[in-house]
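In: pasting the sequence and the predicted coordinates here, then a few questions.
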Amino acid sequence: MLSDAHDPRRMRIEKERRRSDRYPLVIPIHLKWPNLVGEPLSAHAQGKEANLHGGLLEFMEADQYPAEGTEAELTNLVSGHKTKARVSAIRRSATGAPLGVAVELLPPNEEFWGLSFQLKRTTGELLKLEHGIKAGEIDAYVLREFRDAVDHIRKTAWAVQEWQERQVQKRDTATVIPLLVTERIRRGTQLYEALTADLKSHAIRPDAGEIAALFHAIERLYEELKQLN
């Protein structure tokens, strides 16, 4: 009879979990778990990296850690989401001091880690798709549109992570808004240049119904921009 440690199916699953892409995070987490005699313990930690199957938690000024194999309840203090998890390993320094606790989510749940993780994961999947597209034959116009969309998602994901990190660190989150406005201006300029190229190449039909709405929107934007001078 095979033990769990030598079960081929379990070994394959564990290998897949380790290979699952991990993403850096700064998420405040609250843990509750029972000690060896069933008494409830709790601590605050920060999620430092995560994937679909689990993550690495760095404890905040805690003198007690759950043992390996312990099941705990995790609460994401940003979103309020709760989930069950199992402690799979204790990361230690060369001197033996605990550095973090690796946990396995029960069951795997990407929503628990929040929007920042989901954006990062989506961005990662899109970048993988882009590499696959480059290897095949695809129209340059379509590829350019895809790259622009991925770039916009990547910058938005970075802004979301920056906001969450500042919130956790009790720093001013209002300064993230100008970063998003700057990205919107960059994206608007990029779209203007793309539309100009489309007009010059006659890719836009003169009778397109959206042209009138676009023209009026540009007029309104122009009037607002004049007020800045």
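Out: Yes, it's here. Keep in mind that this is a model prediction, so the values were computed, not measured.
In: now stretch 175-192, how far from the chain's geometric center?
Out: 20 Å (Cα atoms, centre = their mean, to the nearest Å).
In: list of residues touching that stretch?
Out: Applying Cβ atoms under 8 Å, 6 or more residues apart in numbering, the external contacts of stretch 175-192 come out as 148, 152, 155-156, 159, 162-163, 166. To be clear about C-beta, it is placed using only N, CA and C from the backbone, and glycine gets the same treatment.
In: again, but for stretch 156-166
Out: 25-27, 78, 114-116, 119-120, 122-123, 171-173, 175-176, 179-180, 183.
In: can you tell me which of those residues are in helices?
Out: 115-116, 119-120, 122-123, 176, 179-180, 183 (DSSP state H).
In: top of those by neighbour count?
Out: residue 116 (25 neighbours; other Cβ atoms under 10 Å).
In: and the residue nearest the centre of the chain, how far from residue 76?
Out: Centroid-nearest residue in the chain, with Cα atoms, centre = their mean: residue 117, separated by 2.3 Å. Separation of residue 117 from residue 76 (Cβ to Cβ, to the nearest Å) stands at 10 Å.
In: and the helices in this protein?
Out: Under DSSP H, the chain gives helices at 8-19, 115-135, 140-168, 176-200, 210-226.
In: sorry, back to before: are any of the contacts of stretch 175-192 buried, and which?
Out: Among these, those classed as buried by 16 or more other Cβ atoms under 10 Å are 152, 155-156, 159, 162-163, 166.
In: tell me the one of those nearest residue 66?
Out: Closest approach to residue 66 among those (Cβ to Cβ): residue 166, at 28.8 Å.
In: and the pLDDT at that closest one?
Out: For residue 166, the pLDDT comes out at 81.
In: next one: residue 54
Out: Value for residue 54, per-residue pLDDT: 94.
In: pretty sure residue 167 contacts residue 173?
Out: Yes. With contact defined as Cβ atoms under 8 Å, residue 167 counts as touching residue 173 (5.5 Å).
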